[in-house]
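Engineer: quick one, structure for this:
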Amino acid sequence: MEKVKEELRELEKKMRFSIEHFRRELGKLRTGRANLSIFEDIKIDYYGTQTPINQIATLGIPDPTLITVQPYDPTTLEAIEKAIRAADLGFNPVNDGKMLKIPVPPLDEERRKEIAKIVRKMLEEEKTALRNMRRETKEKIEELEEEKEITEDDKYRGLDKLQELMDEYTKKAEELAKQKEKEILEF
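Structural biologist: Below is the predicted model of the structure:
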């Protein structure tokens, strides 16, 4: 039974990592409110090195419809502005010479529905990833029984626990997606 428990621990670690990745990916979707995670993937050419924006500037949200970007080095202001525009997030940064002020325009209903569809598509992809992890672990458990390393009872107990893990992490993914969809569709 110890080998089954080991496989299940490994699976749970993978599922936890997958759900965390899913949460971060959902956080990058625009909701019509200021959200700094939208900028996580933006990199600036800083002296020949692609550097994440949060390492060369202070990001702030003074109100729900505005994001501010204050670079540590004022000479990078134009490069930051250029990178934000190039990211094609639908933002129009205003450069006042010291910082960027980025108004977050409200999303129209059509765009909200499009983003909600993206959330549902991402949820399906996450569920597929979880199912693939379950299938791999199920095959390993069945292989252990075939090789007589575990008993048939151990196999069935392991498969029951496997399904419990699957249900738990599928529910977590569904809750995250539901929460994000609600956030997007609220006016």
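Engineer: correct me, but I80 touches K43?
Structural biologist: No - assessed by CB atoms under 8 Å, I80 is found out of contact with K43, at 10.4 Å. From N, CA and C alone the C-beta is placed, and that goes for glycine too.
Engineer: overlap in contacts, those two.
Structural biologist: Both I80 and K43 are in contact with I53, where contact means CB atoms under 8 Å, 6 or more residues apart in numbering.
Engineer: which of those two has more neighbours?
Structural biologist: The neighbour count for I80 versus K43, taken as other CB atoms under 10 Å, is higher for I80 (24 against 15).
Engineer: secondary structure element for the more buried one?
Structural biologist: Element membership for I80, per DSSP states H and E: helix 77-86.
Engineer: flag every buried residue along the top helix by length along the chain.
Structural biologist: Ranked by residue count and defined by DSSP state H, the top helix of the chain is helix 109-146. Residues 112, 115-116, 119, 122-123, 126-127, 129-130, 133-134, 137-138, 140-141, 144-145 are the ones in helix 109-146 that count as buried (16 or more other CB atoms under 10 Å).
Engineer: for the record, mean pLDDT for stretch 53-73?
Structural biologist: Averaging pLDDT along stretch 53-73 gives 89.
Engineer: one more: stretch 135-146?
Structural biologist: Averaged across stretch 135-146, the pLDDT comes to 94.
Engineer: the domain parsing of this structure - what is it?
Structural biologist: 2-28+108-185, 36-103 (automatic domain parsing).
Engineer: check these for me: which has the lowest mean pLDDT.
Structural biologist: Lowest mean pLDDT within these: domain 36-103, at a mean of 87.
Engineer: gap between the two ends of it?
Structural biologist: Its start and end residues considered, domain 36-103 measures 13 Å (CA to CA, to the nearest Å).
Engineer: what separates that domain from the chain centre, distance-wise?
Structural biologist: Distance, stretch centre to chain centre, for domain 36-103: 21 Å (CA atoms, centre = their mean, to the nearest Å).
Engineer: cool, stretch 173-180 as well?
Structural biologist: 11 Å.
Engineer: which parts of it are buried?
Structural biologist: With burial defined by 16+ other CB under 10 Å, the residues of stretch 173-180 counted as buried are A173, L176, A177, K180.
Engineer: where does the last one land in three-state SS?
Structural biologist: With DSSP: H, G, I helix; E, B strand; the rest coil as the basis, the three-state label of K180 is helix.
Engineer: please name the residues that touch it.
Structural biologist: Applying CB under 8 Å, 6+ apart, we find K180 in contact with L26, L29, T31, V119.
Engineer: so how far is T31 from it?
Structural biologist: Counting by CB to CB, to the nearest Å, the separation of K180 from T31 is 8 Å.
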